[in-house]
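Trainee: Task: produce atomic coordinates for the following.
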Amino acid sequence: MAKAKAPPPSSGGKAAKKKKWSKGKVKDKAQHAVAIDKPTFDRVMKEVPTFRFISQSILIERLKVNGSLARVAIRHLEKEGLIKRIVHHSGQLVYTRLTTASD
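Mentor: Coordinates of the predicted model:
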């Protein structure tokens with residue numbers, strides 16, 4: 001005698017499993033420098049004045065320093081006359097490189 005096959009599981013109803021929604025992606029906490037060292041300072045002095053757009057966010061992302069170091073670096077570069085202020089707002093400082101007559 002042949003065995004009777006069990007009916008296939010139903011695709012709907014209360015017995016069906018609920019859809020598992022994505023739990024979202026977790027961003028790793030950044031390990032940025034909290035104190036400036038000689039190599040980082042040299043990079044700031046050499047590279048940052050060549051950036052076309054300079055802001056606190058850009059320095060944090062490219063140089064891997066924290067926000068307070070980025071603000072200090074921007075103030076230092078402005079005092080040295082290496083960068084030019086575009087917008088000075090409490091939330092965001094926007095600067096650009098110095099342009100010469102040839103640009």
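
Trainee: From here on, just use CA atoms for contacts and neighbour counts.
Mentor: OK.

Trainee: residues near A73, how many?
Mentor: 19 (other C-alpha atoms under 10 Å).

Trainee: For this structure, just list every one of the helices.
Mentor: If you assign secondary structure with DSSP state H, the helices in the chain sit at 38-47, 56-63, 67-80.

Trainee: now the angle from the shortest one to helix 38-47?
Mentor: On the basis of axes from the mean of the first three to the mean of the last three C-alpha atoms, to 10 degrees, helix 56-63 is oriented at 120 degrees to helix 38-47.

Trainee: can you list contacts of stretch 66-75?
Mentor: The set of residues external to stretch 66-75 that reach it, using C-alpha atoms under 8 Å, 6 or more residues apart in numbering, is H32, A33, V34, A35, I36, V44, S55, Q56, S57, L59, I60.

Trainee: Using CSV, lay out the residues you listed together with pLDDT and neighbour count.
Mentor: Converted to CSV, these look like this (pLDDT from 0 to 100; neighbours: other C-alpha atoms under 10 Å):
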residue, pLDDT, neighbour count
H32, 87, 13
A33, 87, 15
V34, 89, 13
A35, 90, 10
I36, 88, 15
V44, 91, 19
S55, 92, 19
Q56, 92, 22
S57, 92, 16
L59, 93, 21
I60, 93, 18
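
Trainee: farthest-separated two in those residues?
Mentor: The two members of the contacts of stretch 66-75 with the most space between them (C-alpha to C-alpha) are A35 and S55, at 18.7 Å.

Trainee: what's around the closest residue to L59 other than its chain neighbours, how many residues?
Mentor: With C-alpha to C-alpha, 6 or more residues apart in numbering as the measure, A70 is the residue that lies nearest to L59, at 5.8 Å, once sequence neighbours are left out. Burial of A70 is recorded as 23 neighbouring residues (other C-alpha under 10 Å).

Trainee: K79 too?
Mentor: As a burial measure, the neighbour count of K79 was computed by other C-alpha under 10 Å and equals 11.

Trainee: Right, I'll call it a day here.
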